[in-house]
Every structure is written in structure tokens, then in C-alpha cells.
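1. Take this sequence and fold it.
(chains A, B, C and D)
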Amino acid sequence: MTLEIRNVSKVFPGQRKGMFGRGDGFKALDDVSLSVRKGQSFGLVGESGSGKTTLTRCILRLESVSAGSVLFDGEDIHALSAQAMRRLRARMQIVFQDPYASLNPRMTVHDIVAEPMVIHQDTVGFGARQRTDRVVELLLQVGLRSEHLFRYPHEFSGGQRQRIGIARALAVGPELLILDEPTSALDVSVQAEVLNLLHRLQEELGLTYFFISHDLGVVRYICDDVAVIYRGQIVEQGPCESIFDAPQNDYTRILLEAMPDPDPERSPFRTGE
Amino acid sequence: MVSFILRRLLLMIATLIGLTLLLFVVARILPGDPVGLAAGPNATAATIAQLREQFGFDQPLPMQYWTYLTGLLQGDWGTSVFTRRPVFSDILAYLPATLELVFAALFLAIVIGIPLGLLTAVYRNGVLDYATRTLALGGIAMPRFFLGLLLQLAFAAWLGWLPLAGRFPFIEIPPETVTGFYTVDALIAGDMYAFRIAAAHLALPAIAMALSPLATIMRMMRASTIEILQQDYVMTERALGLSNRLILFKYVLKNAMTSTLTVIGLYVSWLLGGTVLVETVFDWPGLGLYATQAILTQDFMPVIGVTLVIAIIYLLTMLVVDVLYGVFNPKVRYA
Amino acid sequence: MTAESQIVIPARDRSSRRENWGRAFYRFRQSWLSVVGLAIVLALIVLAVAAPYIVPHPEHALGVTNTAARFQPPSAAAWFGTNELGQDIFSLVLIGSQVSLFSGLAVVVIAIVVGTTIGAIAGYFGGWIDEVLMRITDLLLTIPSLILAMAVAAALGTGVFNMIVAIAITWWPAYARLVRGEVIGKKEEQFVVAAHALGAGWVRILSRHILPNIVSPIVVKASLDMGFAILTVASLGFVGIGVKPPTPEWGTLLSGARSYMPDYWWTAVAPGMAIFLAVFAFNLLGDGLRDVLDPKARR
Amino acid sequence: MALLDITDLQLSMKSYEGETQILHGINLKIERGEIWGMVGETGSGKSLTGLSVSRLISTPPGRYLAGSIQFQGKDLLKTSDREMRALRGRHIGMIFQDPTTNLNPVFRIGTQLVDVALHAGRTDPSVLGLSAGASRRDFKAAARKTAIEALESVGIPDAASRIDDYPHQFSGGMRQRVLIAMAMIGKPDLLIADEPTTALDVSVQAQILRLIHELVAERNIGVLLITHNLGVVAQICSHVAVMYRGRILEAGPVLDVLKRPSHAYTQALLESVPTVHTRRGELRGLSGLSPEMFV
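-> This is a model prediction of the structure:
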């Protein structure tokens, strides 16, 4: 078991009301429990405002939890010391949704991808020369070329930037990769290539994926297990096949039905034609 | 809305208490010897000691502050070492002249700046746009005191159209005081002769003060109008056939006003501070001239008083701006 | 991976950085007004540095008078005329540029250093640190800066250094506000969150990720403020606080000239125009820089 | 006479780098009752085609090199600005991608709806159910009534009171409904929808698509639906045009094009969409295809 989330709740304090009072808090996560198996891909499906981003932030300890615990390899990460947490971050990395916003525009590709190795110098123990070698290796691994080394992010297309983001996440050899809608800002043809890259990397490196998406097709393509989150609660979870083929929850069914299928014969509107 | 205003008023009082403390400490710690100045170079030690006692300088600092703060609330803002009059009554006497000047300048700046900004945004990169933008940059760069001197040279000394300086000639009878603004009072009294005199004296200093805020308001308005014009909703409004005039003067104007409003609020403080310069040039009997005199003689009670008055006016203005902001922006109102 | 690790790593070429500069300069050149601004600013700096060697009467700036030649109107001998002490106004104005430029620069630098430090700390850490720092900042912002600067300068006594300190005290809050706002905005940017997730500490996040990305608004404001700092220095001189004669300073020169208006108008025009020109040039430059550095604010 | 007939539309745009041709001869014919999907990836020129029909591309920087856009027999590229404005809102309605940014945040939705209704009514009083000589007061009252009806027709509950709310008081899906109501208020003949569901959640997307589908069936209008989502096209469009770099590579009835694509690009695009039936390794992307192959 790599990542386990046990009864996590997160309440945001309410807005200020009147002169001194506060309104009711907003419960972003309500008793969420799920477990991600090592070497597998776990999909988290939800629409905007469902709490999936909050959950990611709690897993990364960018946000505290109001109740419950997040266990990584059996350790409660919210109970770790800052020092221990910093070391643990090397083992769990994230790829963000927006390839335009997630790379520092003032840094070269080399510096971006090398940064995790600099931060985790004590764990990785690379010198400058070794780091550069490793960056080149990573770029090749994600399908970029060594000429790209000293360019700036704005010189790349969305798909290429997402590859840079993936290379950065892989730099210190993590076990768990959190993928926060990594392809939703990309064109479909580019998305297909990035998804295939993720497949290949998982096979090569034995990674565990925690994949967040609103696109059921993408989740089905990547994931082994899936959980559906709605208004802060997990409404259904289980192996992909059973959920997609025989959804038990109404909300899951609505989502599945609403998903636009590129096969015109499956259109709900074309019955009369 | 009411609780919002109340909260802001509480905050304002806290700010003012902090401000009095800060000003008091700064003024007492900084070197400078008002007693020595007031007593003159030939004073004996006894006279100086007597003066020190009279001004309360022999008390410990916290006591002095407490005395000062409680005094403030009772209208006792200290005594000017230089004029030997109570600061509060001095300020009351000078405030209307300054406010009249500031409001006149602000009025000019808003009434000319906002339409000009809107127009240059629409006809951007045209001749009018380049001309006004260059003039605006020049207007911001023009020192108020130098502009004042130039205006005096041109309109008073050479052309002789307007008076050189002053607020109202001694030989004339000013209108009966209602608001303290001579122009307004003259209008209330129906005295067109007095109004013309007051307005003629007001014109040059008001213009000298208005140029910079006018230019800034124009630039701000132009910038925000251009930004608003690029918003998606303007595209929708155009796509559904609304006329350019309706889009500009109804839909764009209200949006563009929100950001310009804050600038206008900030300028109230800037203008009040700037009276120090313009009132010196035009011998305008207002707070600026009073403060300048006090500063030059290191007479700190009037300086604290003037600063306090300006801070209060500034904080009240920002409160009004915030309330207006809510009027222009429903999101703020409902938050 | 042995085969791939043989790949030749390209030399750290600066071409893309140079290309960015090229593009920025191209945009800057688009507006000829900003080029004019830059040219005037450069000319001012050169003149200020060279002033003591090129002016016709350097001794006038040291207090030497020549009462025989009082109030000469502008002529080939004295380009801007002479003043009530018979000093050559051209020499005074040119040497006066040293005080103005130097103190303007000093004020802006002090304000940036203090303001950026305080603003960055307040914005990054938030909470009570932010509350305390921002309350102090707001307090200072409620005081009309010119009056505060005048009061402080008057209390400290005359002199260039005291005047710089006095103005800087009133100027840093604006930078603190600006930087705080920018830092708070950048803190939520994904690449900063990414750095957090990587395990970067606050020093690294601030210095490598946040500050480099907020340089542009600071540079733009600094360029505009250079002009306004020169203006404020002159204002203090004009009301009689600040640099005292014989050291020539534009505001002081203008103040002295006031008594001889309108008959000897040239005594006022030269220093006044000098102030205007310097402030105008920095404004043009700042405006052009804004176009280049702050694409969102491009108009 | 077709409702909309675009022939050989060629458009170029000026930028820092110089003038680049964006559209390389677009041909498209839309009849009433048809929903045409215009599908393509970033930079294919699909949005600019839609904006061209409403003549919302400023010239310069845009420049039409050739072609015509016939709307009910009238060439839109040759009509005056005044005539064009009379067509917008009344005969051609338009909705855009992001419902949050397309409603003016500082005005009540009613203000905006009423202004659009008044504009359409001035062009054609019958839209408001009035005759030409009606008074200003009548116009105002009828415009508000029409606005409320329009909100009701797009499924906004309690329209009579919600009309006085501000945009931020509505959810994303509801805002898009308001925008559709605004576009439909003048009873247009052609609706141009530029990525109308891209910013919405899937469940809301389905509702909006249903709404558009119903409006077409009810009012027999023509729709040009611009999207990057093949699923959306497959669901509600009757016809589809596949765009790539300013050209239409393939066009025709949806069942033909999407079931039996004749162009390699269309095929690659279809094989790039993950569905619940796609197996691992089946997605292909554009690998193996080069842009030159399509031109």
C-alpha cells in the first residue's frame, strides 16, 4: 500500500459576517477514505468544486486536514516534522493541469528540471555536472531533445511544456506521481501522446499514479481503480471495469451518460433519425 | 453595508490613534528646539524654563502624549509656539480655503480627465491620442510650483487677466460665511461681483494643482477603458448588435470607473499635501502655508495638527471611495 | 541509458536570452517617446558627471559672486542669464543636476530595498506578521508624504543626506504595498505551488521563484519614481528645506528666483525647465518600460 | 438560397512578425434546421471563421483576401457597418465559450437582456410583438416581457425575479443559459456558438447541448457550432466540417464523416479521443502524420 487516505475532512472557515461573526464554514472534504495500490493507477473523478483539488493539496500537505490522516507508506504525513516531510516530498511528486502556469517563466528548462535535485541535494547527492547529465536523460525520456536544455518555457508548445513538467516530477525518482488533470488543457491529439507517454513511463519506472480528471474516457484509459467524488464525498469507488460497466451510484451514472461519445450512433439526440 | 461602514470607522479610529502616537513620538524624539526658537536668541535661562513649563515640555513623554490625546478630543490641539494661538482654531480658520482649492482642482481634473480618457481610449493611436498622452506625461512631470510661477507670469504679470496671488483683496468685503468657500458663499448670497473676484483668485492655483491629477485620471481612465474594451462581454455586446455608443457610455464606463475611482481617492491626499507648494506660490491663506511656516520654525504642534486633519480627510475619502466602489461593483456589495 | 548519457550537452547558449532582450528592445523602440526619454536620461547622466569640467563658471557653484554682472538677461556669454549675485545660471543649473540625480537615485534605491524586504515578508508569510507590517505601512500612507518629508527634513536639519533619508522614509511604504500585492498574487501561481510541492524552502521560493517574476513592476515604478523623487527634492528646496546655498539645487534656485519675478523671469525659467525635463524624461522612460515589461498593462 | 453560404473565404492577420494568412479558402453552406459542427484543434482558424460571419474581426489587423459570406443572399463582407449591426442580435445570434467573462459583471442580467431586446425590436418590432408605431414606453415594457420569456425558454426557473440578479449570483451553467437567452432574444435565423460548453462541467454540458438541440428543433434555425470536442459534434450536430490550419479538410453529414472518415487527419483525430471503450495503447495522436500531408 503506497498512499492511504483515512477519513479525511477539510473545513474552510466561513466568510466574515457582520462586524465580528463568521459565516458557516465550507466543508470541502467530508470523510474521504481511499487507498492507492503500489504500481497501480488510481483515478479520482469529479467536476469543478467537488473537492478534488483540495484533496490533492491535502495529500501534498500544502493544506492541513481538519480531521483524518493521510498515510504514505504507513506514515501519517500530517504528523511528520518539517524536515521529515521535506525528505518525503522527494518520493511523491505532482504534475499540474496548466502547462503554461506551472513552469517558472524566468527559468530555463535545465534549471526547472534540475531544481528538485538541488532541493533534495542531501538525498540525491548529485554534483552540478551529474545534475545536467540527469536532466538530459530525463528530457530524452519524456520525448524532448537535449537542444531544449537552455530554452525558456514560453518557447514550447503546451504538450512540450507538460513533458517538461513530467520530467521535473521524475527528477528525484519518486514512487508516487500525482497527476492533476495533466491533459485537460491540451488538444486531443497532444493529449493522446501525453497519455501514451504516461503509460510508457509507468511500465519503465514502476510508478504509482494518482490521477485526477473530470474526463471519464481519460480515466478509463489510464487507471486501474477509480473513485468518484461529489461535493466533498466519495460516492463510489472500485476497479475501473466494475464502475464503468455497472455503476451503482446515480451521480456516477449521470456522469457516464453525460460524457460525449465521438460515435454519432451513440448520441442520445439521434434516436429519431 | 452599515456594518461595513461601522467596521471601517472603527478601523479608522484605531489608525488615527496610532497616527497621533507616531507623530507625537517622531516630533518629540527628532532634534529641533522650538522653545529656543520661540524665546529668541537673547532669552535668559529663566525665560526658557518658564516657556518649557508653559508648553508642558518638563513632563515625562507618556504624560505629554496622554495630555495631548485627551486634549485632542476636547478640541485642544496644542498651541502654536510661533503664532501663540490654539492650533485647532488656526486650522479651522485655514481649512476652508484649502478645501476650496483642493475641491476646485479635483473638480477640474475629474470633469476634464474622465471624458478625455474615454475618448483617447476609443480613438487610440490617433493624433488626438498621441497629443493628449504626451501632454499628460508632461502634465505629470510639471512641478506644481513651477507651473504656478509660469501661470503667474503669463496670466497675471504679462496679460493681466487674473490677479497674481491671494484669495480675496483686503479692500473688498468677502461674502457672508456659510460654507467657508468664497465662491460658493458668494453664489449663496447672490453676490456675483464677489463671486467673480473669488473665482478669479481661485483660477490659477486651482489649475496649477489640477494638471497632474487631471493627467493621471485621464491616463488611468484610458488604460482601464482599453482593458475593458478587450473583455469578452464587450465582444458579446457587439456580437448582439448593441451600438458602440451604448456599449461605451453605459457598459464600459461603469466598469472603467471602478479602477479610476481609487486613483481619485488617492489624489485627495496628494492634493492636500501639495497645497504646501501651491499655497506658498500664490500666498493662498490655507493649511499649506500654515504648515510650511510651522515646519520652517520647527513648531511641531501645528504640523501634527495639519497632518492629522489631512489624514482624517484622507481616511474619510477612502471610506467614501470604498462605498462608491460597492455602488459600481455589485460583487463587492454582496460579499 | 549508457548510450544516451554519451549525448553531447549543448553549451549553455545565451541565444534565447539574447532573443528576449532583442524582442524587448524592439517593443521599446516602437514608441519613439520612450526612446526620447531614454536619450534625455542618458544625456542628463553624462552632463551631471561631466558638469564640473564643462561649465563656464564652476566657481559660481562654490559661492563665488560677481555682483557687477547681476541680472544679465540670457546672452551668448551667459546662456541662461545671471542671477541676483551675478552668478551664471547655466553653470548653477548644470551642476545642480548632480544633487538632483544623486538624491533621486538614492531615495529610490533606499525605498526599494526597505519596501521590497518588508513587502515580501508581509506578503509571503501573511498572518500576524502581515497585519503588523501593513498597519505600520498604512499608517505612513495616511500621512501626506510631502508634509512628512518636510517635517522630518526640517527636524533633521539641512543637508543632502538628511533630505534623502526624510524622503525615503515616506516612500518605502508604496513599494511595500506593491511588492506585498505582487507576492500574494504570485504565491498562488502554479509554479510556486509546484516549488512548494518539490520541497523548496521559503528563501528559495522567494528568491528564485517569486522575486524574479515581480521585478518588472518594481523597475517600472522605480523609473517613474526617479522622476518624482527629483521633483520632491526640488519641492523641498523650493519651500526652503533641504540643500542650502551655495550648493546649487534646482528647487532652491527656483525659490530664490521667485522674489525677482516677473522682471527677471529667466532666473526662474532655467531651473524650472531643468526640473521639468528631468522628471519628464524619467516618466517617458518608465512609460516605455511599462510597455515592454508589463505586457498586461500594454495600451 | 442557403441560410449561410461561405465561399472561398481567405483571411490574413497582421502581427509583429508580419502578415500571415489564417484562412485558406473556407467553403461552407448551412441550411435552416442544420447544426454544423466546426471541429479543429488550437490554431485551426475555426473561431476566426465564426467571428468573420458576425464581422467581428477588426480590419486591420485582419484583411479578407478573397471570398464571400452570403447570409440569406446578402454578402456580409460588403454590407455597411450599420446594416451589419441590424443583422447582429436580430438575425445572427452568438454565444461564446466562457459564461463567466461574457456577462458584464456590474450590470443586472436584465439590463443587458433588455438592451439586446430593444435593439432587436428597433430593427423589427414584431420581435417584441409590437407594431412599428409603438411608443417608447411600450417598447420598454415589451422588451422586459420578452427578456423574461427568453429566460423562461432557456429553462431559468423563477425568471421574473431572477432577471434582476447580477451575473455572479448565477452558476456557470445558468450563466450560459442566460447568454443563450440573450442570443435568442431577437429570434435569430442563425446561431453561432463558439465552444459553448468548453468551460462547463460534463453534466452541465449535456444540459446545454440538449437546450441548443431543442431550440433548433423548435425554431428551425441554423447553427454553426465551433468546438474542439468530437464528442460534442457526434452528439448534436447534423453535419461536421473538420478544420486544420485554416482549411476544411473534410465536410459532410456527421454519420458519414465520423463513421467513415475519408481523410487521414480526421481518422487520427478520432483515434486520439479516449472513450470508455478505448483499450490501452489504442490512442494514436498525430504521430506519423505531417502537416504537409493535409495541404
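
2. Point out where chain D drops to low pLDDT.
-> Residue ranges of chain D with pLDDT under 70: D:16, D:287-295.

3. would you list every one of the helices in it?
-> Secondary structure of chain D by DSSP state H: the helices cover D:46-53, D:81-87, D:109-123, D:136-153, D:159-162, D:172-184, D:202-219, D:230-236, D:254-259, D:264-270.

4. packing partners for the fourth one?
-> Secondary-structure packing of helix D:136-153 (3 or more CB pairs under 8 Å, 6 or more residues apart in numbering or on different chains; DSSP states H and E): helix D:109-123, helix D:159-162, helix D:172-184. C-beta coordinates here come from the backbone N, C-alpha and C atoms, glycine included.

5. Now for the residue in the stretch 101-250 of chain C that chain B sits nearest to: which residues touch it?
-> At 2.9 Å from chain B, C:Pro144 is the closest residue in the stretch 101-250 of chain C, using CB to the nearest CB. Shown in contact with C:Pro144 (CB atoms under 8 Å, 6 or more residues apart in numbering or on different chains): B:269-270, B:272-273, B:307, B:310-311, B:314.

6. picking up where we left off before, adding mean neighbour count, write the helices of chain D out as TSV.
-> Formatted as TSV, the helices of chain D follow (neighbours: other CB atoms under 10 Å in any protein chain shown):
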stretch	mean neighbour count
helix D:46-53	22
helix D:81-87	15
helix D:109-123	24
helix D:136-153	18
helix D:159-162	15
helix D:172-184	24
helix D:202-219	19
helix D:230-236	26
helix D:254-259	20
helix D:264-270	20
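
7. which one of the helices and strands packed on helix D:136-153 lies closest to B:Val102?
-> Ranking the helices and strands packed on helix D:136-153 by proximity to B:Val102 (CB to CB) places helix D:109-123 first, at 35.4 Å.

8. before we move on, back to that, can you give me phi and psi for the residue of the stretch 101-250 of chain C closest to chain B?
-> phi -60, psi 120 (degrees, to the nearest 10).

9. what residues does the stretch 151-295 of chain D put near chain A?
-> D:172, D:201-203, D:205-206, D:209-210, D:213, D:228-236, D:254-255, D:258-259, D:268-276, D:278, D:280-281, D:283-287 (CB under 8 Å from any CB of the partner chain).

10. which element follows the helix or strand hosting C:Leu44 toward the C-terminus?
-> Using DSSP states H and E, C:Leu44 maps to helix C:32-54. Next helix or strand after helix C:32-54 toward the C-terminus (DSSP H and E): helix C:89-125.

11. On the strand side of things, show who A:Ser9 bridges to.
-> Assessed by DSSP bridges, A:Ser9 has beta-bridge partners A:Ala67.

12. okay, now it: neighbour count?
-> Using other CB atoms under 10 Å in any protein chain shown, A:Ser9 has 17 neighbouring residues.

13. now it: how far from chain C?
-> Computed with CB to the nearest CB, to the nearest Å, the distance linking A:Ser9 and chain C is 22 Å.

14. Wait, that residue touches A:Leu29, no?
-> Yes. A:Ser9 lies in contact with A:Leu29 (CB atoms under 8 Å); the separation is 5.5 Å.

15. Could you name every residue contacting both of these two?
-> Here A:Ser9 and A:Leu29 have A:65-66 as joint contacts, going by CB under 8 Å, 6+ apart.

16. count of neighbours near residue 107?
-> If you meant another chain, say so; for now it's chain A. Residues near A:Met107, counting by other CB under 10 Å: 19.

17. my bad, chain D
-> When neighbours are defined as other CB under 10 Å, D:Phe107 has 19 of them.

18. which residues does it contact?
-> Neighbouring residues of D:Phe107 by CB under 8 Å, 6+ apart: B:251, B:254, D:166.

19. Now rank those residues by neighbours and give me the top one.
-> B:Tyr251 (22 neighbours).

20. Whatever helix or strand A:Arg163 lives in packs against which elements?
-> Using DSSP H and E, A:Arg163 falls within helix A:158-170. Applying 3+ CB pairs under 8 Å, 6+ apart, we find helix A:158-170 packed against strand A:92-95, helix A:109-119, helix A:128-141, helix A:188-205, helix C:190-198.

21. Please enumerate the strands of chain A.
-> A:3-12, A:16-17, A:21-22, A:26-36, A:41-45, A:67-72, A:75-76, A:92-95, A:176-180, A:208-213, A:225-230, A:233-239 (DSSP state E).

22. These: which one's closest to B:Leu128?
-> strand A:16-17 (46.4 Å).

23. Can you check the pLDDT for residue 182?
-> In the absence of a named chain, this looks at chain A. A:Pro182 carries a pLDDT score of 91 in this model.

24. Wait, chain C was what I had in mind.
-> 90.

25. Compute the number of surrounding residues for the closest residue to it other than its chain neighbours.
-> Counting by CB to CB, 6 or more residues apart in numbering or on different chains, C:Glu182 lies nearest to C:Ile214, which is 4.0 Å off, once chain neighbours are set aside. A count of nearby residues for C:Ile214, using other CB under 10 Å, gives 20.

26. Then D:Arg280?
-> Per other CB under 10 Å, the neighbour tally for D:Arg280 reads 11.

27. quick one, what contacts the closest residue to it other than its chain neighbours?
-> Spatial nearest neighbour of D:Arg280, excluding adjacent residues (CB to CB, 6+ apart): A:His199 at 6.5 Å. Taking CB under 8 Å, 6+ apart, we find A:His199 in contact with A:222, D:280-281.

28. Over to A:Asp263?
-> Neighbours of A:Asp263 in contact, by CB under 8 Å, 6+ apart: D:234, D:258-259, D:275.

29. quick one: which two of these are the most distant?
-> Largest separation among those by CB to CB: D:Lys259 and D:Thr275, giving 14.4 Å.

30. ok, how many other residues are close to residue 104?
-> I'll assume chain A. Per other CB under 10 Å, the neighbour tally for A:Asn104 reads 24.

31. That was the other one, I meant chain D.
-> Look at D:Asn104: counted by other CB under 10 Å, it has 25 neighbours.

32. shouldn't it be in contact with B:Leu253?
-> No. Counting by CB under 8 Å, D:Asn104 sits too far from B:Leu253 to count as a contact (11.4 Å).

33. Who's the closest spatial neighbour of A:His148, skipping the chain neighbours?
-> With CB to CB, 6+ apart as the criterion, A:His148 has its nearest non-adjacent residue at 5.4 Å, and that residue is A:Val109.

34. these two touch, right, the one you found and A:Val136?
-> No. Counting by CB under 8 Å, A:Val109 sits too far from A:Val136 to count as a contact (10.4 Å).

35. quick one: common contacting residues for those two?
-> Shared contacts of A:Val109 and A:Val136, defined by CB under 8 Å, 6+ apart, are found at A:Leu149.

36. Need the contact partners of stretch D:8-28.
-> By CB under 8 Å, 6+ apart, the residues outside stretch D:8-28 that reach it are C:26, D:4-7, D:36, D:38, D:45, D:48-49, D:52, D:57, D:60-69, D:224, D:241, D:245-248, D:251.

37. Of the residues you listed, just the buried ones, ChimeraX syntax please.
-> Selecting only the buried entries of the contacts of stretch D:8-28 in ChimeraX, with 16 or more other CB atoms under 10 Å in any protein chain shown as the criterion:
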select /D:4,5,6,36,38,45,48,49,52,57,62,64,67,69,224,241,245,246,247,248,251
